[in-house]
Every structure is written in C-alpha cells, then in structure tokens.
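> Okay, here's the prediction I keep looking at, along with the sequence it came from:
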Amino acid sequence: MIKTEQLNENSYCVGKIDDRDVPFHRLILKKGTTYNSYLLKTNKPTVIDTVDMMFGKAYIDNLSELINLEDIKYIVINHTEPDHSGALGSLAMRAKDATIVCTEPAVYELKEMYRLQNRNFLVVKDGDKLDIGGKTLLFKITPYLHTKETMITYCIEDKTLFSCDIFSTHVAVKDYFNDTCGFDITEDFISYYNAIMKPHRSYVRIMLDSIKDLDIKMICPSHGFIIRKDVDKFIKIYDDLSQTKNNNKKVVIVYTTIRQNTKKIAEMFKDLISNNNIEVLLFNADKDSSDEIIKAIENSDCTLFGTSTRYGDMVGNMEVLLKLLQNKDLKGILAGAFGSFGWSGEGIELIQEYLNKTNMTVLNTSSIIKSTGMNDVEFPVRIRFSIGDEEADKIRRAAYYIVDLLLS
Ligand SMILES: Cc1cc2nc3c(=O)[nH]c(=O)nc-3n(C[C@H](O)[C@H](O)[C@H](O)COP(=O)(O)O)c2cc1C
Ligand SMILES: [Fe+2]
Ligand SMILES: [Fe+2]
C-alpha cells in the first residue's frame with residue numbers, strides 16, 4: 001500500500017508500507033519496513049528521497065495525485081541506496097526539469113544506477129543551504145550513516161529533520177506518527193540502531209555533534225515512524241548507545257623490520273590507538289623476548305603483527321613467533337597484519353595465513369565490507385615503502401576501525 005500523510009500545511013509523506021519479511025543486508029526484517037519519501041509543496045516544489053525500486057510505479061501514481069510532476073524543481077537524494085533512491089529514474093523522467101541535489105560522491109552512483117548522465121545535479125557540502133521558495137533546506141553530511149555518500153536535510157522553517165536511515169525503525173507501520181500509533185516505539189528504535197547504525201558508532205558521534213544546535217521539532221526518517229513526540233529522548237538514545245564503553249582495553253603491536261619502515265607503521269598505529277585511552281604495548285620481535293611478547297598477546301584484546309618483505313618472505317623472528325602462537329587459545333582476540341613492502345609484499349600475506357590458522361578473530365577487507373558496507377578500510381594493511389599522505393590515511397582508517405571495534 002502507498003500511503004500519504006500530511007505533515008503540516010504543505011509537506012507530505014508519501015510512503016510505501018512493505019509488510020513482507022523483507023530481506024536486507026543479510027537480515028530478514030520480520031516486522032517489514034516502510035520507505036518514506038517527502039514532498040514539500042513550496043514555490044519550488046521539492047521531493048526528499050523516493051521509495052524502494054520495487055514500488056516505483058505506485059509511488060509515481062501516488063505522488064501525481066499531490067502535484068503535477070513536471071512542476072518539481074528539486075529532488076533531494078540523501079542516500080543512494082536503492083531502498084531510497086529506487087524510484088529516482090521514473091521520477092526524474094517525469095520531473096523533467098528537476099535538479100537532483102546530493103553530495104559529491106553520490107553523483108557518480110546516481111548517474112550510473114539511473115542513467116542520469118545528462119541531468120542537472122546540484123552538489124551540496126556540509127552546511128550548504130537551499131532556498132526552495134518559502135522554505136530553506138540545510139544539508140548536513142553524515143558519511144557512513146548509512147553509506148559513504150549519505151547526508152541529511154533539515155528544513156529550517158518547519159524545524160523538521162529529514163534524517164534518511166538515521167533515527168529510522170524497520171516496522172511496517174500502519175500509523176506513521178509515534179504520538180498516535182498507540183504503542184512505545186523505543187524497542188524497535190533501539191533494534192534498528194543495533195542492526196544498522198552500531199557498526200558506524202564513531203560516525204554517529206560526529207552526526208550528533210553536527211545536529212546539536214538544530215532546533216528539531218519533528219524527525220522524518222526514511223523507514224518507519226515519524227517522530228514528533230519526545231524528539232530529544234530519541235536523539236539521546238543514539239547518544240547513549242554510541243558512547244564508548246570498556247576503557248581498559250589492551251592492544252599489542254609486534255613487528256620485524258630491516259630498514260625501519262615497518263617500525264614507523266607500528267609506531268603510527270601505537271600513537272593513533274593509544275589516543276583513545278587504550279593501553280598499547282609495542283614490541284620488536286627481534287629484540288624483545290618471545291615469552292614476554294606471547295604473554296602480552298594472550299592478555300590483549302587486539303594484536304597487530306607487522307613485517308616487511310625480503311625475497312618473498314617475512315623477516316626476522318616473526319615466523320618463529322607466529323609458530324609459537326599456533327597451539328594457544330587466543331579466542332576473542334582481534335588480530336590484524338600490516339607491513340611495508342616494495343612490490344609484492346608476500347610477508348604480510350604469510351602473517352595473515354598464520355593468523356587464520358589460530359582461533360583469533362582476524363581482520364580482513366572482505367569481512368569488513370560484509371559487516372559494515374565500508375570499502376575504504378583495508379586489512380591486511382599493506383604500505384608500499386615509506387609512509388606518504390595516502391599511506392598515512394590508510395593507517396589512520398585502519399586504526400580508527402580497530403578503536404571503534406574495541407570501544408563499542
Ligand atoms: C634484500 C631485499 C629484498 C626485498 N625483497 C622484496 C620482495 O620480495 N617483495 C617486496 O614486495 N619487497 C621486497 N623488498 C622491499 C622491502 O620490503 C621494502 O623496502 C620495505 O619498505 C622494507 O621495509 P622495512 O624498512 O620495514 O624493512 C626487498 C628489499 C630488500 C632490501
Ligand atoms: Fe541505507
Ligand atoms: Fe534504508
């Protein structure tokens with residue numbers, strides 16, 4: 001069913017209620033969900049997000065009852081994932097002159113997905129405003145909530161936040177409003193946070209900081225309930241859930257090196273990780289005692305192993321150390337490999353192979369993509385020769401990812 005709700009004088013929610021068991025990111029949404037699109041019928045009529053790809057036709061028909069589609073001036077796409085942008089192709093075809101408003105990384109994705117190469121795009125940055133004739137939209141960039149290109153849109157006059165995936169619930173609601181729906185949505189709101197937002201905890205903190213000065217009277221998310229009662233309480237739930245926990249974490253970094261490049265990576269990891277009140281112990285496997293290193297690893301929450309590569313192999317004492325770990329119980333300890341290399345970097349891959357034979361939880365790019373959708377964190381961390389700007393960024397992203405895992 002496609003449902004329309006009036007939010008205030010000239011704003012509408014045009015939503016599709018999806019009451020199937022919805023397959024999504026390897027979860028089954030047992031309570032279904034909704035896809036909420038919004039129409040602000042101002043002098044420059046604006047649509048904010050659309051609905052899932054499957055429901056494009058019904059959506060277009062429904063929206064046409066509210067407005068002549070050719071009159072639409074702006075289509076704001078907060079997030080390119082097709083459960084929100086899915087009807088953009090059909091809408092853009094009918095709203096011929098509408099400008100598509102999105103972040104810079106979203107442009108390429110939307111052009112490719114919906115064949116919009118010849119369309120007019122307006123790229124917005126954090127804090128940009130857009131006059132839509134009677135109302136003003138303010139854009140806040142919210143990367144990784146839920147994917148890299150995501151932003152949210154605040155209507156200044158209406159004090160309404162169009163928060164896309166953020167502050168959503170996966171429930172096939174019958175009544176959209178949390179104050180009239182007849183039950184407490186808190187449990188569903190928290191379940192959604194845990195399923196979708198939790199892996200991006202540090203980005204939730206950044207988002208909360210970025211919206212803290214906005215006067216928000218209503219939250220219009222893209223899934224589930226519109227929140228117009230206890231708005232502050234629901235924002236506070238994100239604040240509470242995204243606080244760092246368990247500050248007494250221990251990280252061990254152990255490396256071998258010929259010319260110090262791998263040592264410098266190890267030191268950079270140490271600096272970045274210990275900034276967060278996490279205790280970090282750094283060892284050179286060629287100089288420090290293996291017994292001491294192994295004891296520290298057994299007591300750690302995470303251990304990073306680094307080597308450079310010489311003639312297609314690990315260097316120094318690294319292999320001896322990894323062999324000593326093979327019959328230990330290291331369950332629950334996070335492990336990662338890194339190293340400097342010149343052209344092939346076999347040493348780093350060999351560490352990874354040894355780690356995979358232990359019962360540690362070994363960080364690797366594929367499982368990070370599968371669990372978070374983030375494709376800019378790489379493990380093992382392979383650094384060609386010395387650390388330049390790009391390499392420093394790579395190490396930083398990996399370190400922040402580890403800190404996030406340890407503190408959430
Ligand atoms: C004798 C020698 C052999 C090397 N063999 C390889 C190799 O097989 N594959 C590779 O990717 N890099 C190789 N390299 C490049 C080093 O891994 C690279 O210089 C790296 O930055 C050294 O890091 P380190 O300073 O931590 O030792 C070799 C370097 C030397 C000096
Ligand atoms: Fe999403
Ligand atoms: Fe979504």
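Arrived safely, thanks for sending. Ligands and ions are numbered 1, 2, ... in the order given.

> use CA for all of it now, contacts and neighbours both
Will do.

> for ligand 1, what are the nearby residues on this structure?
Taking CA under 6 Å from any ligand atom as the criterion, the chain approaches ligand 1 at residues 257-262, 308-312, 340-345, 385-386.

> Specify the local secondary structure of the residue nearest to Asp376 when sequence neighbours are not counted.
Counting by CA to CA, 6 or more residues apart in numbering, Asp376 lies nearest to Arg397, which is 7.6 Å off, once chain neighbours are set aside. Per DSSP: H, G, I helix; E, B strand; the rest coil, the secondary structure class of Arg397 is helix.

> quick one: contacts for the residue of the stretch 101-250 of the chain found nearest ligand 1?
Ligand 1 sits closest to Lys250 of the stretch 101-250 of the chain, with a gap of 24.0 Å, by CA to the nearest ligand atom. The neighbourhood of Lys250, defined by CA atoms under 8 Å, 6 or more residues apart in numbering, consists of Ile278, Glu279, Val280, Leu281, Asn299, Ser300, Asp301, Cys302.

> is it in a bridge, and if so with what?
Beta bridges link Lys250 to Glu279, judged by DSSP bridges.

> How confident is the prediction for it, by pLDDT?
pLDDT recorded at Lys250 is 97.

> same thing with Thr147?
92.

> now do the one 3 residues further on
At Thr150 the predicted local confidence, pLDDT, stands at 97.

> same deal with Leu7?
94.

> for it, what are its contacts?
Shown in contact with Leu7 (CA under 8 Å, 6+ apart): Cys13.

> try Thr169
Thr33, Asp188, Phe189, Ser191, Tyr192, His223, Gly224, Phe225.

> so how many other residues sit close to the first one?
This points to Thr33. 24 (other CA atoms under 10 Å).

> Any stretches of the chain with poor pLDDT?
By pLDDT under 70, the low-scoring segments of the chain are 1, 246.

> What strand or helix carries the residue nearest to the spatial centre of it?
The residue lying closest to the centre of the chain (CA atoms, centre = their mean) is Tyr144, at 2.5 Å. Using DSSP states H and E, Tyr144 sits in no helix or strand.

> Glu9 versus that one, what's the distance?
With distances taken as CA to CA, to the nearest Å, Tyr144 is found 33 Å from Glu9.

> so Asn261 sits right up against Gly388, yeah?
No: the criterion here is CA atoms under 8 Å, and Asn261 misses it with Gly388 at 11.3 Å.

> Looking at these two, which has the bigger crowd around it?
Neighbour totals were compared for Asn261 and Gly388, and Asn261 leads with 21 against 11 (other CA under 10 Å).

> nearest spatial neighbour of the more buried one, skipping sequence neighbours?
In space, Asn261 is closest to Ser386, 5.6 Å off (CA to CA, 6+ apart).

> just the strands in the stretch 201-350 of the chain please.
Remark: strands assigned in the stretch 201-350 of the chain by DSSP state E, counting those that start in this stretch are 218-221, 250-256, 279-284, 302-307, 334-341.

> nearest to Val381, of those strands?
strand 334-341 (4.4 Å; CA to CA).

> Residues contacting that closest one from elsewhere in the structure, which ones?
Here strand 334-341 has contacts from 261-262, 265, 301-309, 345, 347-349, 351-352, 355, 360-364, 379-386, using CA under 8 Å, 6+ apart.

> Now do it: distance to the chain's middle.
Computed by CA atoms, centre = their mean, to the nearest Å, the chain-centroid distance of strand 334-341 equals 23 Å.

> What pairs with that strand, parallel or antiparallel?
Strand 334-341 has the following sheet partners, assigned by DSSP bridges: strand 302-307 (parallel), strand 361-362 (parallel), strand 381-384 (parallel).

> Would you indicate which residues of whichever helix or strand comes after the shortest one are buried?
Note on strand 361-362: by DSSP H and E, the next helix or strand toward the C-terminus is helix 365-372. Of the residues in helix 365-372, Ile368, Thr372 count as buried by neighbour count, 16 or more other CA atoms under 10 Å.

> and what of stretch 46-56?
So for stretch 46-56, counting by 16+ other CA under 10 Å, buried means Thr46, Val47, Ile48, Asp49, Thr50, Val51, Asp52, Met53, Phe55, Gly56.

> And the fourth one, how far from Cys164?
This means Asp49. From Asp49 to Cys164 the distance is 8 Å (CA to CA).

> related to what we said a few turns ago, for the strands of the stretch 201-350 of the chain, give me CSV that also has distance to Tyr238.
Shown next, in CSV, are the strands of the stretch 201-350 of the chain (distance: least, CA to CA, whole Å):
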stretch, distance to Tyr238
strand 218-221, 13
strand 250-256, 26
strand 279-284, 27
strand 302-307, 26
strand 334-341, 26
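
> which stretch among those strands comes nearest Pro199?
Short answer: strand 334-341, nearest of the strands of the stretch 201-350 of the chain by CA to CA, at 15.7 Å.

> Only C-alpha atoms, please: export that closest one in PDB.
The C-alpha trace of strand 334-341 is given here as PDB (Å, rounded to 0.1, in the frame of the first residue of the first chain):
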ATOM      1  CA  LEU A 334      41.200  -9.400  17.400                       C
ATOM      2  CA  ALA A 335      44.200  -9.800  15.100                       C
ATOM      3  CA  GLY A 336      45.500  -7.900  12.100                       C
ATOM      4  CA  ALA A 337      48.500  -7.900   9.800                       C
ATOM      5  CA  PHE A 338      50.500  -5.000   8.400                       C
ATOM      6  CA  GLY A 339      53.800  -4.200   6.800                       C
ATOM      7  CA  SER A 340      55.900  -2.200   4.400                       C
ATOM      8  CA  PHE A 341      56.900  -3.800   1.100                       C
END
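
> now that strand and strand 250-256, what's the angle there?
30 degrees (axes from the mean of the first three to the mean of the last three CA atoms, to 10 degrees).

> related to what we said a few turns ago, counting neighbours, what do you get for the residue nearest to Asp376?
16.

> ok, it touching Val377?
Yes: if you go by CA under 8 Å, Arg397 and Val377 touch, sitting 5.9 Å apart.
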